[in-house]
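S.K.: Based on what follows, work out the 3D shape:
(one chain, ligands or ions: 1)
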Amino acid sequence: MIVTLTANPSLDRTIELDGRLERGGVQRAGSTHAQPAGKGVNVSRAVAAAGSATLALLPGDTADPLVLGLDAASLPYRAMPIGASLRSNITLTEPDGTTTKINEPGPHLDADQQRELGGLVADAADGAAWLVLAGSLPPGVEADFYARLTATLRRELGGRCPKIAVDTSGAPLAALFDGGTGFGAAAVPTLLKPNADELAELVGGTTEAELEADPHRAVAAARELIGAGAEAVLATLGAAGAVLVTASGAWQGTHAPVTARSTVGAGDSSLAGFVLAESAGLPRPDCLRRAVAYGAAAASLPGSTIPTPSHTTEDAVRVVPLTGKDQP
Ligand SMILES: O=P(O)(O)OC[C@@]1(O)O[C@H](CO)[C@@H](O)[C@@H]1O
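M.R.: Residues are numbered from 1 along each chain as shown. The predicted structure follows:
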């Protein structure tokens, strides 16, 4: 079972423009669609589409359009009522694949609601294979929420605690490694899935553009996180594919060029591909291969559409070891 938590889910609205975005002008949409989303929900959608067991955890009232969308999609979920509307994030796509995204802050969660959400996660995660903590934190939630949750689950669930993957940015990402929170290595997840921007911000001394241009630099940056206690780092590098780094090896995965339609959800799809492959017991390079195939497939699909296995082409992915010894 792959359990996901989306602390700040979104009903993603995509507006496909027939021409270039004109700032300050009035434009008619070519087409529009809405999808229940947010990073963890997207991971669960990909896992479910692959026929594997998943459960999406999120705040949200039963009548919220996002929750109704999960019902309509038959996605297994548990939603914690909050008495407030969830957010709606807007994506504007242009014919050349340029994507502009505007994310709302989301509804405020008070201390009781945060505790209840943590309890929901502890209950669902008990005995699961993976727990994916993904996305931004809504207003009212302290930046160390994921760090605290990770440390608490490990302490309370012991040997029944799943492997924990985190995909977030900014202060919640930094808090996983911040000794000041007092959780130490217990808060460091099994797997981190930063993009180049997040990785650059986390380790410092480099930029998103440098990491996307040079996979060796991305590996060096990811190694710092391995040194801090993570078992694996899957760093997604946009059109440059992804690198996977563990204590015993590093690999780069690149995909044959695809025509990008919307990059929204590409990172989430990569994470889903990795976790699906890892759960199936595949060797590390094949986990990376599936992650890159899922990311490329997502980028070639409109809006927040999440790929099914039939959208992916693993043969189009080239995986090469970069440093360290390869794994069996
Ligand atoms: O504001 P966050 O939580 O960082 O990101 C939310 C979001 O941009 O992430 C997904 C794509 O990764 C979208 O479905 C969603 O709108």
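
S.K.: Show me what from this structure comes close to the ligand.
M.R.: 8, 10, 12, 37-39, 42, 89, 103, 135-136, 264-265, 267-268, 304 (Cβ under 6 Å from any ligand atom). C-beta here means a position set from N, CA and C on the backbone, and glycine is covered the same way.

S.K.: quick one: which of the residues you listed has the most company?
M.R.: residue 42 (34 neighbours; other Cβ atoms under 10 Å).

S.K.: Now that residue: closest residue in space, sequence neighbours ignored.
M.R.: The shortest distance from residue 42 to any non-neighbouring residue, by Cβ to Cβ, 6 or more residues apart in numbering, is to residue 268 (3.7 Å).

S.K.: buried residues in the helix or strand hosting that neighbour?
M.R.: When elements are assigned from DSSP states H and E, residue 268 belongs to helix 266-279. Across helix 266-279, burial judged by 16 or more other Cβ atoms under 10 Å covers 266-279.

S.K.: Can you pull up the most central residue in the chain?
M.R.: Central residue of the chain (Cα atoms, centre = their mean): residue 268, 3.8 Å from the mean position.

S.K.: Pretty sure it sits against residue 167.
M.R.: Yes: the criterion here is Cβ atoms under 8 Å, and residue 268 meets it with residue 167 at 7.2 Å.

S.K.: Quickly list what's touching both of the two.
M.R.: Taking Cβ atoms under 8 Å, 6 or more residues apart in numbering as the contact rule, residue 268 and residue 167 both touch 39, 134.

S.K.: Please, where are all the strands along the protein?
M.R.: 2-6, 10-17, 29-37, 54-59, 77-80, 90-93, 99-102, 130-134, 163-167, 191-192, 232-236, 242-246, 250-255, 317-323 (DSSP state E).

S.K.: Show me the one of those that comes nearest residue 206.
M.R.: Closest of the strands of the chain to residue 206 is strand 232-236, at 11.8 Å (criterion: Cβ to Cβ).

S.K.: just the angle between the closest one and helix 266-279, please?
M.R.: Interaxial angle, strand 232-236 versus helix 266-279 (axes from the mean of the first three to the mean of the last three Cα atoms, to 10 degrees): 150 degrees.

S.K.: Strand 250-255 and strand 232-236, what's the angle between them?
M.R.: 30 degrees.

S.K.: In terms of secondary structure, what does strand 232-236 contact?
M.R.: Applying 3 or more Cβ pairs under 8 Å, 6 or more residues apart in numbering; DSSP states H and E, we find strand 232-236 packed against strand 191-192, helix 196-203, helix 215-227, strand 242-246, helix 266-279, helix 284-299.

S.K.: Please produce CSV containing the ones you listed, extended by distance to residue 66 and mean pLDDT.
M.R.: Shown next, in CSV, are these (distance: least, Cβ to Cβ, whole Å; pLDDT from 0 to 100):
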stretch, distance to residue 66, mean pLDDT
strand 191-192, 26, 97
helix 196-203, 25, 94
helix 215-227, 32, 94
strand 242-246, 29, 97
helix 266-279, 16, 98
helix 284-299, 19, 97
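
S.K.: Quick one: low-confidence residue ranges for the stretch 101-250 of the chain.
M.R.: 179-182 (pLDDT under 70).

S.K.: on that earlier part again, quick one: work out the angle between the helix holding residue 268 and strand 54-59.
M.R.: Using the same axes, to 10 degrees: helix 266-279 against strand 54-59 is 140 degrees.

S.K.: got the CA coordinates for helix 266-279 in PDB?
M.R.: Output in PDB follows, covering the C-alpha atoms of helix 266-279 (Å, rounded to 0.1, in the frame of the first residue of the first chain):
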ATOM      1  CA  ALA A 266       5.500  15.800 -13.900                       C
ATOM      2  CA  GLY A 267       7.500  15.700 -10.700                       C
ATOM      3  CA  ASP A 268       4.600  13.900  -8.900                       C
ATOM      4  CA  SER A 269       4.400  11.400 -11.700                       C
ATOM      5  CA  SER A 270       8.200  10.700 -11.500                       C
ATOM      6  CA  LEU A 271       7.900  10.100  -7.700                       C
ATOM      7  CA  ALA A 272       5.000   7.700  -8.300                       C
ATOM      8  CA  GLY A 273       6.900   5.900 -11.000                       C
ATOM      9  CA  PHE A 274       9.900   5.500  -8.600                       C
ATOM     10  CA  VAL A 275       7.800   4.300  -5.700                       C
ATOM     11  CA  LEU A 276       5.900   1.900  -7.900                       C
ATOM     12  CA  ALA A 277       9.100   0.400  -9.200                       C
ATOM     13  CA  GLU A 278      10.700   0.200  -5.700                       C
ATOM     14  CA  SER A 279       7.700  -1.500  -4.300                       C
END
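
S.K.: And it, what does it pack against?
M.R.: strand 2-6, helix 39-49, strand 130-134, strand 163-167, strand 232-236, helix 284-299.

S.K.: Sweet, I'm off.
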